[in-house]
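Novice: Kindly return the folded structure for what I paste below:
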Amino acid sequence: MPITRRHFLGGAAGSIGSLYLLSSGGLDAARPGPARCLLFDLDSDCVLRESFAGYQRAFGERGVEWNASAGLPAGCRLAVVPSLGSLDDGRAAMLLGLLERGGRVLLESGGPFLGPAEFAQHQRAMREYFGLSVGPPVDLWPQAPRGGGPPRALARGPKSGGSNRPIPYVRYVWPRCSVVRDFSRAVPVAGNGGEVIARMPGFPVAIKRRVANGLLILLGSPLGPALNWRDREALSWLGSVVP
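Specialist: A predicted model of the protein is given here:
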């Protein structure tokens, strides 16, 4: 498995912010175990805060603060990292550690919203830590908004921006078939030994890959904004990912 700095990262740890649990206001409150699903708040390293807010809303308001310097809690089965920009050794070590223990990691790339220098660093981190490839960002909406809310083209019917381009949708085939409207920009994704689980016309935008004993999922199109709009397909897909 082509992951560099693996032995060094095995013993490292870093500082992670807020972690949120499932509740009756979000996905499935009946799933057992404390801190079973964790939402990483990476502060400034979360490129699109609306995406984090969407996952937070989906998982619900019941949450705990977790000092990750001692590692992730034993009951954790899924770690969700919304709109990831940069990643340091300590945070990568914790995610790799969860994969070693057979857990799942859902990485949502923040690459579509990074500048050229930051995007190059993002590409290197994905490649070096996880053996993943992230291609250059693709604009999917004319005059795509940088702030919150759906693109203005949504009010104009099935064609985007008054052009002949259809509204872009992400079509997921795993763990369930779902069709989710894209937010504004996306990055093509790939990985050695990875399986494509979602596509847009012309390129793959999500893959899953076995890493150690666990499962790594990479999204190249942000799901969080759709969760923030309470999109049923997005909520259903995320619920299916929870182990």
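
Novice: ok, which stretches of this structure are strands?
Specialist: Secondary structure of the chain, counting by DSSP state E: strands at 18-20, 37-39, 63-65, 78-84, 104-109, 132-134, 138-139, 169-172, 178-181, 185-186, 189-191, 195-200, 203-211, 214-219.

Novice: and Gly115, which of those strands is closest to it?
Specialist: Relative to Gly115, the nearest member of the strands of the chain by Cβ to Cβ is strand 185-186, separated by 12.9 Å. C-beta coordinates here come from the backbone N, C-alpha and C atoms, glycine included.

Novice: Check which helices and strands the closest one sits against.
Specialist: In terms of contacts (3 or more Cβ pairs under 8 Å, 6 or more residues apart in numbering; DSSP states H and E), strand 185-186 is packed against strand 138-139.

Novice: rewinding a little: arrange the strands of the chain in JSON lines, one row each, with mean neighbour count and mean pLDDT as further columns.
Specialist: As requested, those are arranged in JSON lines below (neighbours: other Cβ atoms under 10 Å; pLDDT from 0 to 100):
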{"stretch": "strand 18-20", "mean neighbour count": "21", "mean pLDDT": "42"}
{"stretch": "strand 37-39", "mean neighbour count": "26", "mean pLDDT": "83"}
{"stretch": "strand 63-65", "mean neighbour count": "13", "mean pLDDT": "41"}
{"stretch": "strand 78-84", "mean neighbour count": "26", "mean pLDDT": "92"}
{"stretch": "strand 104-109", "mean neighbour count": "24", "mean pLDDT": "96"}
{"stretch": "strand 132-134", "mean neighbour count": "22", "mean pLDDT": "96"}
{"stretch": "strand 138-139", "mean neighbour count": "15", "mean pLDDT": "91"}
{"stretch": "strand 169-172", "mean neighbour count": "21", "mean pLDDT": "96"}
{"stretch": "strand 178-181", "mean neighbour count": "19", "mean pLDDT": "95"}
{"stretch": "strand 185-186", "mean neighbour count": "24", "mean pLDDT": "93"}
{"stretch": "strand 189-191", "mean neighbour count": "21", "mean pLDDT": "94"}
{"stretch": "strand 195-200", "mean neighbour count": "19", "mean pLDDT": "97"}
{"stretch": "strand 203-211", "mean neighbour count": "21", "mean pLDDT": "97"}
{"stretch": "strand 214-219", "mean neighbour count": "23", "mean pLDDT": "98"}
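
Novice: Out of those, which is closest to Glu233?
Specialist: Taking Cβ to Cβ as the criterion, strand 178-181 is the member of the strands of the chain that comes nearest to Glu233, at 4.5 Å.

Novice: Where does the prediction get shaky in the protein?
Specialist: Scanning the chain for pLDDT under 70 picks out the ranges 1-35, 61-71, 142-166.

Novice: just how off-centre is the longest helix seen in it within its chain?
Specialist: Here the longest helix in the chain is taken by residue count, with DSSP state H as the criterion, and it is helix 116-130. From the chain centre to the centre of helix 116-130 is a distance of 15 Å (Cα atoms, centre = their mean, to the nearest Å).

Novice: Stretch 222-236: how far from the chain's middle?
Specialist: Per Cα atoms, centre = their mean, the displacement of stretch 222-236 from the mean C-alpha position of its chain is 12 Å.

Novice: Buried ones in it, by neighbour count?
Specialist: Of the residues in stretch 222-236, those buried under the neighbour-count criterion (16 or more other Cβ atoms under 10 Å) are 222-229, 231, 233-235.
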